[in-house]
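Peer 1: Need coordinates for the below:
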Amino acid sequence: MKIEAVDLFCGAGGLTHGFEMAGIDVVSGYDIDGDLIRKNYNLNTIKLLAGCAPCQPFSNYRQG
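Peer 2: Take a look at the predicted model:
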């Protein structure tokens, strides 16, 4: 069965790249806005929702 993923806090795309190298289809990535996540998945697929801590150099929320 096909696996589809949505990557949260995708930043520079490191996790997305790893998923693609593993043969997992990343259907979208969000850094801030996740309102449309449910609409990204297709029927009859295993759904994977992944999120990593934001990369500090790429994050708008960093302090200092």
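
Peer 1: show me where this protein has strands.
Peer 2: Along the chain, counting by DSSP state E, strands occupy 3-8, 25-30, 46-51.

Peer 1: Just say which of those strands is most tucked in.
Peer 2: Highest mean neighbour count of the strands of the chain: strand 3-8, a mean of 20 (counted as mean count of other C-beta atoms under 10 Å). In short, each C-beta sits where N, CA and C put it, glycine included.

Peer 1: Could you pull up the mean pLDDT of that one?
Peer 2: When pLDDT is averaged over strand 3-8, the result is 89.

Peer 1: Using CSV, write down the CA coordinates of that strand.
Peer 2: Provided in CSV are the C-alpha atoms of strand 3-8 (Å, rounded to 0.1, in the frame of the first residue of the first chain):
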residue,chain,number,x,y,z
ILE,A,3,2.3,5.8,2.0
GLU,A,4,1.7,9.6,1.7
ALA,A,5,3.1,12.1,4.2
VAL,A,6,2.4,15.7,5.2
ASP,A,7,5.5,17.4,6.7
LEU,A,8,4.9,20.0,9.4
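
Peer 1: orientation of that strand relative to strand 25-30 in degrees?
Peer 2: 10 degrees (axes from the mean of the first three to the mean of the last three C-alpha atoms, to 10 degrees).

Peer 1: Can you pull out the residues in contact with strand 3-8?
Peer 2: 13, 15-16, 19, 23-30, 34, 37, 40-42, 45-52 (C-beta atoms under 8 Å, 6 or more residues apart in numbering).

Peer 1: Could I get the pLDDT score of Cys55?
Peer 2: For Cys55, pLDDT reads 64.

Peer 1: Am I right that Lys47 is in contact with Tyr41?
Peer 2: Yes: Lys47 lies in contact with Tyr41 (C-beta atoms under 8 Å); the separation is 5.1 Å.

Peer 1: Start and end of stretch 7-18, how far apart?
Peer 2: 11 Å (C-alpha to C-alpha, to the nearest Å).
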